[in-house]
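>>> What follows is a predicted protein model with its sequence.
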4 protein chains.
Amino acid sequence: MSTTGDHLIELRRDLHRHPEPAWREFYTTCRIVEELERIGVTDIYVGREAIDPDERMAVPDSSELVEWFARAREAGAKEDVLDRLDGGYTGCVAVLRQGEGPTVGLRVDIDGLLREESRADEHAPVAEGFRSEHEGAMHACGHDGHATIGLGVLEAIKESDFEGTLKVFFQPGEEMIAGGRAIAKSSHLADVDYLLALHLGLDHPTGEVVAGIDGFLAVAHLHVEFSGEPAHAGAAPNEGENAVQAMATAVGNLYAIPRHQDGATRVNAGQVGGGTASNIVPESAYIEAEVRGETTELMEYMRERAERVLHGAAEMHGCEVEIETRGRAPSARSDAQLAEIVSAVAGGVEGVDSVLDRDTLGGSEDATYLMREVQRNGGYAAYVGIGTDHPGGHHTATFDVDERSIPIGIDVISGAIREIAATRPE
Amino acid sequence: MSTTGDHLIELRRDLHRHPEPAWREFYTTCRIVEELERIGVTDIYVGREAIDPDERMAVPDSSELVEWFARAREAGAKEDVLDRLDGGYTGCVAVLRQGEGPTVGLRVDIDGLLREESRADEHAPVAEGFRSEHEGAMHACGHDGHATIGLGVLEAIKESDFEGTLKVFFQPGEEMIAGGRAIAKSSHLADVDYLLALHLGLDHPTGEVVAGIDGFLAVAHLHVEFSGEPAHAGAAPNEGENAVQAMATAVGNLYAIPRHQDGATRVNAGQVGGGTASNIVPESAYIEAEVRGETTELMEYMRERAERVLHGAAEMHGCEVEIETRGRAPSARSDAQLAEIVSAVAGGVEGVDSVLDRDTLGGSEDATYLMREVQRNGGYAAYVGIGTDHPGGHHTATFDVDERSIPIGIDVISGAIREIAATRPE
Amino acid sequence: MSTTGDHLIELRRDLHRHPEPAWREFYTTCRIVEELERIGVTDIYVGREAIDPDERMAVPDSSELVEWFARAREAGAKEDVLDRLDGGYTGCVAVLRQGEGPTVGLRVDIDGLLREESRADEHAPVAEGFRSEHEGAMHACGHDGHATIGLGVLEAIKESDFEGTLKVFFQPGEEMIAGGRAIAKSSHLADVDYLLALHLGLDHPTGEVVAGIDGFLAVAHLHVEFSGEPAHAGAAPNEGENAVQAMATAVGNLYAIPRHQDGATRVNAGQVGGGTASNIVPESAYIEAEVRGETTELMEYMRERAERVLHGAAEMHGCEVEIETRGRAPSARSDAQLAEIVSAVAGGVEGVDSVLDRDTLGGSEDATYLMREVQRNGGYAAYVGIGTDHPGGHHTATFDVDERSIPIGIDVISGAIREIAATRPE
Amino acid sequence: MSTTGDHLIELRRDLHRHPEPAWREFYTTCRIVEELERIGVTDIYVGREAIDPDERMAVPDSSELVEWFARAREAGAKEDVLDRLDGGYTGCVAVLRQGEGPTVGLRVDIDGLLREESRADEHAPVAEGFRSEHEGAMHACGHDGHATIGLGVLEAIKESDFEGTLKVFFQPGEEMIAGGRAIAKSSHLADVDYLLALHLGLDHPTGEVVAGIDGFLAVAHLHVEFSGEPAHAGAAPNEGENAVQAMATAVGNLYAIPRHQDGATRVNAGQVGGGTASNIVPESAYIEAEVRGETTELMEYMRERAERVLHGAAEMHGCEVEIETRGRAPSARSDAQLAEIVSAVAGGVEGVDSVLDRDTLGGSEDATYLMREVQRNGGYAAYVGIGTDHPGGHHTATFDVDERSIPIGIDVISGAIREIAATRPE
C-alpha cells in the first residue's frame, strides 16, 4: 500500500478509537474536516450547512449532547470546527468542482454504535491498540471504513482526469436511521445527477464486490410510552390504570397485524419495559418498536395499523400513549445503469476476484432517502457492496473490517465515478 | 293432600308442559288468570297494566313473539286474556284486599328456560306424562312450582283471618334477569310494606327451609357485537377488519379487569362466536358476557371497565362494537325482621324438619329489584328458600321438583304473611 | 352451437341443479358416468377404484353421507353406479386409449359449495329454471362447468386423430381442499406424462384465456377443538377450565406467528365459537383455522408454529386441544413448456380474443397435488384459466358462468391435448 | 423524654442514616448487638444462629453482599459481630430470662428499602441531619423505629417485675417478604407461648393504637425469566423465539386468572422488561410478579394457575421459563385474647388518645410466618399498630415517623408483655 494508504489506515484506526452515535459525531466530523483540508478540498459544509437542521430524527437530549461534545474536545477535536457542531449538528458535505461535467454524489455514513467492543486479545483492534476509547460505544458496522473510503475517493478523484463535480456526503446517524432524511432534504442533493453509496462487509469476503444492492425494507422506528396510574397491588388494585397491561396487549396485537397481499412486511417490539416493583400496579411502560415493508407503502400500512393497535390498547386500560417516530427510511432500488458501470469497473480492480451484479439486503438503510431524492429528480443511484472479511457479524463485539478492503473500495468507487462522468449513462 | 292440593299438582304439571321463556309466557299468564278467577280474586292486572312497559329487557324480536303467541293459542290459552298480552307484555299482578292492615307482597317468577328436557324414563315428567310440549324449552328451575305456590298462597290467605292487602307478583323473564325491573318500576310496588320472594331447591332437600337468603351478586348481561370487514384470507388479508381478532382481544382483557378492594367481582364471556369460513377474514363476532359484583357498585365498576375493554378492542382492529344490556339485577339483602318471622313460622309447618336462618346464593336473581324498591320505600323484604329434592341440578335436563314441597311452600309463606300482618315488625 | 353443445349445456344445468359438497357428489358422479357411457368411453373407474380411499380428507360423518346419498337416489341417480359410491367414495376417472402416444391427463373438479343460491329474478339460474334444488348448497365456483368441459373434451378427443391415452380425473372435494390428495395418491397418475387442469372465471372475462396460472399458496385447514371444564360463573368461577379463554389466547397468538424471510405466509381463524350461556364458564370452543405459504415449506412452518400456539394456549388454561387437518394442498408451478402450447392453441380458437401467458392466483387449489405428482415423475403440468363473465364473485350467491365459455374451454383444452401429443414437449 | 429516651432517639437516627435491604443489614445488626450489650442482655444469637440459614429467600448475589459488607465496615460496624454475618446471615435474636413464667416473643423488622430519600429541606431527616448515607436506600417504612422499640422494650422489661422469658426477634428482609420464614423455622420460636409484632404508622396518627391487625393477604413474589432466541427482525424474523411475546402473553393471562369463590385474590406483573434493540427479536424477558390470597390456600391457587400460565406462554413461543419464588408469606389472624390485653393496656398509656380493637391491612407481611408458627404450637399471637404522624405515605421519599410514637410503642408493648405474663390468657 502507498504512503497515502498507510495514512488512511491510521485515519481509520483513529476514527475506530472514537466511535460516536447519532448527532454526537463531533470528533469524527472534525477529523474528517482536517483530512479534507489536508487533501486540499476547500468547499466544505459542516453542521447546519450540511443538513436540513429541522429534519434530524432521534436527537438525544442536551445533557447527552454536552457530554459527548466534552469528550470530543478532550480527545483533541479541532476547536473551530467543533464549535460549529454545537447542539448536535454533525456531519459534513465536501464538494470538489473540476471542470465541466455531471455532478456525482457519494454517500458514506460515519456514526458508531452504542455497544461495547470486545476485549479479547485476538480481536485486531485490541491486538493493534486501536480499541474504542469511548466506553459502551463501538464502530461495529464499519462506518470508520466508510468515512475513510469517502476521503480516499476524494483524494483519488482530485488527482484524476475526472471532469465534473464530486460531492461526498459524510452522513451522521445511519444506525438509528436518523440522519438520511436531514441530508436528503438539504440543498446539496438538488443537482446530483448520479449517486453512489457503499457498505463494507454484509457477509461478502474481501475481494468480492456487489455492483447493485436492492431489497432495502422501508422502516420506521417507533418509541412508544404508555402512562397510567399506580396503585398498591394488594390493597387497591382497582385504583390503578395498568400501563404494563396496555403494553402487553399492544405487543400481542402488533405482531398480529395482518400480512399484506402486496409483499413483505415486518414488525418487532424489540425492547420493552415497565413498572417499578412487584407490589405496585405499573404506571408506565414503553416499547421500542419498528415496522418495515418491502415498499414504503407497505411500511406505512404497518405503521398505521401499529398506531391503531397502540391507541386501542391504551384506551382499553385507561392509559395515555405517546408515539414518537425516532427513525425512518423508505425503500429504494439500485438503477441498472449505474450497477453495470460499477460491475465493469470492479472487474478490473486489483484485489477484486468476484463481482456480483445484484444482492438483496433484507434490512434497512437510510441511504435510501438520498437515492430516492436523486431518482425523483431524474437522476440515477446505486448502492455498492465492498466485501470485507469480518470475524464477528455486524453489530457484534468482535466485528472488524479487513483493512485490505479499504483501498479496494476506493479504487472501485473512484473508478466508477470517473466512468460515470465519462459515459453519462441514461 | 287435600283436593285443593291435587288440583294444584295438576296445575303445576300443566305449567310444566308449557314452559315459556322471557316475555313469551302467554299460556302461563292465561292459565294463572284462569286460576285466579277460580279462586275468586277479582283485582287482576295483566300485560301492560302489570308492569312498566318501557322497562322490559331482552325482549325477543317480533317473529319470535308471534311464534310463541301462536303456540299458546294452539295450546288452548284463554283468548280474552291472551289478546291483552300481545307484543310480549306478559305477567300478572293479583291483589286481594281483606280488611285493614299492611300490604304484603309476594313475588313468584313464572318463566321457563331454553333448554331441552330429558327423555329418560326415570325422569318423573316423562314417567308421569307431563314432559315439556315445547321442544327446546323446559321448566328446569322450578318456576312452574313457584307460580303454583303463589296461587296456593292466595287461596290460603283468602280463606284465612288475614287482615290487610296481599299482592302476588307473577313475574316474567327471571331467567334472563329481564323482568324484575319492569315489575319493580310498575305502580303496584309503591304501597307494599313487606315483601317475600321464594325459590324452590337451591340444593336444599325437601323439608328444609332457609328463612333469609343473601349473597345475591348484582349482575348485568351484556350482548356484544363486533362488526368489521370481510376479506379473502389468502389473497387480501390486509383488506379485512377482523372481528374475531377484536373479540379474542376483548375476551382476554375482560377476564383481566383488576380485582376490586371492596369485595367480590365476576366476569364471564360465556358464549362467543364469529366468522363464516376458514378462508375468510371474519367480519362479525359476538360475546354473551356478564359482569357481577358483591354490590351494585362493584358490578357497575366491572361494567364500566368491560365497556372500556370492548371499545378498545374494537378500535384496535378497526371494528365497530355494539353493547346491549340484555338483563340486569342489583344486589340485595334479606331483612332480619322478616327472616325471623319466616323462621319461627316454618318451625311449626308440617313436613318441615330443618330451618336455616341464613344462606348465601353466590348467584344472581332479579327479585332484588323488588326487594330494594320496597326497602327504599321504608319497607322490609326477605328471600325464602323452600327445599325440594331435585334429581338433576338447576338448569340441567333432569331437574325436577319434589311435589311434596309445594304444599310446604304454601304453608310456610301463607303462615308468614299472616304473622307479618299480625305483628307488623319494624 | 352444435347439438352436442346444446346437450352439454343441458348437462351443465342439470349438474347446477344438484350441487353436492365434498364426498357427497353422488348424483354428480352418476350423471358423469351416464355421459361417459353415452360418449362411448368404456374404461371407467368410480368410487374406491378412482382414488386412494385412505387419503380422503374432511369426510363428513355417516348421517350426513346417508342424507346426501338418499337425496341423490331421489333425484334419479343411476342405481348401479350409486351403490359403488356408498360411504362417500365419490369421483371418477375416465380413460380413453387411442393408439400409441403419450398419456395426457386432464383434471376437472366437480363439487359444489355449502351456501345458498340467490333467488333474484335476474340471476340466470332462476330466470332459466335451473337454480339449485339442494337447499343450502350451490355451484358458486363453476365446477358444474368444469365437469361439463371434461366430458366435452373426452368427446372431442375421441372424435379426433389424437394418438395416445387421455385420462380425465373428475375430482371430488376441491372446495374443502379435501380430494386432490386422494386422486394424486391413486395409481392412475403414475403414467401421466402431461397434465392439464382448468378453472373458469377467476375474474377473467369470456374470451380471455390464461395459458399458465401460478402463485398457488400451499394451504392446510385445521379444525381445532378445545375442551375444558364448565362451572357456574358466579358461584364457582375457579372450578372452571375456560375453553373460550384458551381459544381467544390462541387466536391472538396465531395471527402473531412471525413473518418468514423466505416469502409470503398466511394465517386465519376464520370461524370460531364456544360456550353455552353467559353465566357458565365455557367448557368447549373451536377454531376453523387455516395456514398458507408461498411454498409448501412455508406452509409447514406456519403449521408447526400454529400447533405450538394451540398447545400452549390449551395448557395455559387447563384445557385439552385436538387439532385435525381437514384439508391440505401444496404449492405448485405451471411448466412453461405446456403453457406455451396452450397459449399458441388458444390464439386460434374461435371466441378467444385475449391470451395471457401468466397470472397469479393468490389463493389455493388442490390440483397442485396432481401437478406436483406428475412433475415429480418427470412429467409436465399446467393450470389453465378459461375466462367467463360472472355476475357475482366466486363463492357469492349470484355467481354464474357465461355458458359461451364452455365450448371455448373444450376447444382450448382439446386443442392443447392434441398438440401436446403431437409435439411431446420436454 | 428521659435520658434513655434521648439515647433511643439518637439510636433511631443512626439506624435511619444506614438503611440496609434484605440480608445486607450488616451495620444494623451490629448496632443492635452493641445496644443489647449496653442494656446488659447476654443471651444473643446472631447470623446463622438466629435463623434457619437454609430458609432465607431473595438472597442477593455475592458481589452485592460484599459491597454492603464493605459499606458497613466503613461506617464503623463492630468488627467481631460483623464477621459472624459474612455471607448475608444478618438479624439477631435476644433472649432475656427473668424467673419462672411464660415465654413471650416480640418480633421487629429491621431492613430498609431500595429507594432514594427526599432531599427537601422540610423533610425532617434532612433538617435534622440524619438523612440516609447509603445512596439509593432509605428507611421509608419505619423499621428504624421498630428496631428501636424492640430495644426499648427489652430495657423496660429488664427493669420491671416481669417474670418469664422475653425473646426479641430482630428480623431481616421483611420488605422483600424474604426473612420471616428463616426466623420462623429457627429453633427460637419453638417455646414461645405468646407473640407480639408491631408496625408504626399504617395511616394511623400519633396517639392511636390498633390492638389487633388482621387481613394480611398471603403472598408470593415470583421472579420469572423467559429465554428464547434472538434474530434480526428485518432479515430473519422466523429464526427468533420471541421472549417478549411470551412475556406479553403471560402478562395478559396472569391478570385473567379466574376469581375464586372462597375470597379475595390478587395478581400483579409489577415490573417487566425484555429485549435489546428495536431491530432484534427479543431473546430474553422477565416479570417481577406477585400473587396474593385472603388465605394461604387462595394464594396457592393463584400460584398454581400463574405457573400454568407462565409455562403455557413459554411453550407457545418456543421459550424456556424459569420461575423463582423470591419471597413469600402466609395469611394470619390476630388472636382476640392478646388483642384484648393490648387494648386494655394501651388505654392507660400516656400519649395514647385512641384505641381501635381491629383493623384490616389489605397488604402482606411476613410476621405472619411467626404468628402461624406460634399458633400452630398452641400459642397466641397479635399484630399491633402504633400510630405515628407520617408526612409522606409508606414507601415514599418523604416518609418519616413522628419520634413521639417511639416511647408510646415501648410503653404499650412492654405493658402488654407484663400483663400477658401476669395473666397467661388462653
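Arrived safely, thanks for sending.
>>> Quick one: name the residues of chain A near chain C.
Taking CB under 8 Å from any CB of the partner chain as the criterion, the neighbours of chain C within chain A are A:252-253, A:255-259, A:261, A:263-267, A:362. All C-beta atoms are positioned from the backbone trio N, CA, C, and that covers glycine.
>>> The same query, at a cut-off of 7 Å, please.
By CB under 7 Å from any CB of the partner chain, the residues of chain A that approach chain C are A:252, A:255, A:256, A:259, A:261, A:264, A:265, A:266, A:362.
>>> I figured the first one hits residue C:252, correct?
Right, residue A:252. Yes: taking contacts as CB atoms under 7 Å, residue A:252 lies within contact range of residue C:252: 5.1 Å.
>>> still on that earlier bit, which one of the residues of chain A next to chain C sits closest to residue A:118?
Ranked by distance to residue A:118 (CB to CB), the residues of chain A next to chain C are led by residue A:362 at 25.4 Å.
>>> and that closest one, what are its phi and psi?
The phi and psi values for residue A:362, taken as degrees, to the nearest 10, are phi 80, psi -10.
>>> Who are the contact partners of it?
Residue A:362 is in contact with A:215, C:261, D:234, D:235, counting by CB atoms under 7 Å, 6 or more residues apart in numbering or on different chains.
>>> Quick check: the gap between the first one and chain C.
This means residue A:215. Going from residue A:215 to chain C by CB to the nearest CB, to the nearest Å gives 11 Å.
>>> circling back: out of the residues of chain A next to chain C, who's nearest chain D?
Ranked by distance to chain D (CB to the nearest CB), the residues of chain A next to chain C are led by residue A:362 at 3.8 Å.
>>> What distance do you get for the closest one to chain B?
According to CB to the nearest CB, residue A:362 and chain B sit 21 Å apart.
>>> just residue A:384 next, same as before
34 Å.
>>> What residue, apart from its backbone neighbours, is nearest the residue sitting nearest the centre point of chain A spatially?
Central residue of chain A (CA atoms, centre = their mean): residue A:174, 1.7 Å from the mean position. Closest residue to residue A:174 apart from its sequence neighbours, by CB to CB, 6 or more residues apart in numbering or on different chains: residue A:109 at 3.7 Å.
>>> Which secondary structure state does the nearest residue to residue A:260 once chain neighbours are set aside sit in?
Leaving aside its sequence neighbours, residue A:260 sits nearest to residue B:238 (CB to CB, 6+ apart; 4.2 Å). The three-state label given to residue B:238 by DSSP: H, G, I helix; E, B strand; the rest coil is helix.
>>> Count the neighbours of residue B:238 for me.
For residue B:238, the neighbour count with other CB atoms under 10 Å in any protein chain shown is 17.
>>> what's the longest helix in chain A?
Ranked by residue count and defined by DSSP state H, the top helix of chain A is helix A:296-316.
>>> Direction-wise, compare it with helix B:296-316 and give the angle.
Helix A:296-316 runs at 180 degrees relative to helix B:296-316, counting by axes from the mean of the first three to the mean of the last three CA atoms, to 10 degrees.
>>> Give the next helix or strand downstream of helix A:296-316.
For helix A:296-316, the following helix or strand on the C-terminal side (DSSP states H and E) is strand A:320-329.
>>> In that following strand, which residues have enough neighbours to count as buried?
The neighbour-count criterion (16 or more other CB atoms under 10 Å in any protein chain shown) identifies A:321, A:323, A:326, A:327, A:328, A:329 as the buried residues of strand A:320-329.
>>> The second one reaches residue A:309, doesn't it?
No: the pair residue A:323 and residue A:309 fails to qualify as a contact (CB under 7 Å) at a distance of 10.5 Å.
>>> which neighbours do those two share?
Residues touching both residue A:323 and residue A:309 (CB under 7 Å, 6+ apart): there are none.
>>> among the residues of chain A next to chain C, who's most crowded?
For those, the largest number of neighbours (other CB under 10 Å) sits with residue A:266, at 27 neighbours.
>>> just to revisit the earlier point, tell me the confidence at the residue nearest to the centre of chain A?
We have a pLDDT of 96 for residue A:174.
>>> Now it: which helix or strand?
Residue A:174 belongs to no helix or strand when elements are defined using DSSP H and E.
>>> again, but for residue A:220
Using DSSP H and E, residue A:220 falls in strand A:218-227.
>>> Using CSV, list the CA coordinates for that strand.
C-alpha atoms of strand A:218-227 as CSV (Å, rounded to 0.1, in the frame of the first residue of the first chain):
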residue,chain,number,x,y,z
ALA,A,218,-38.6,0.7,4.3
VAL,A,219,-38.6,1.2,8.1
ALA,A,220,-39.9,3.3,10.9
HIS,A,221,-38.7,3.1,14.5
LEU,A,222,-41.4,4.0,16.9
HIS,A,223,-40.7,4.9,20.5
VAL,A,224,-43.9,4.3,22.5
GLU,A,225,-44.7,5.3,26.0
PHE,A,226,-47.8,4.3,28.0
SER,A,227,-48.7,6.2,31.1
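>>> just to revisit the earlier point, would JSON lines of the contacts of residue A:362 with secondary structure be doable?
Listed next are these as JSON lines, based on three-state DSSP:
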{"residue": "A:215", "secondary structure": "coil"}
{"residue": "C:261", "secondary structure": "coil"}
{"residue": "D:234", "secondary structure": "coil"}
{"residue": "D:235", "secondary structure": "coil"}
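>>> which bits of chain A sit near chain D?
Taking CB under 7 Å from any CB as the contact definition, chain A meets chain D at A:217, A:221, A:232-235, A:237, A:244-245, A:248-249, A:251-252, A:255, A:266, A:268-282, A:288-290, A:292, A:362-364.
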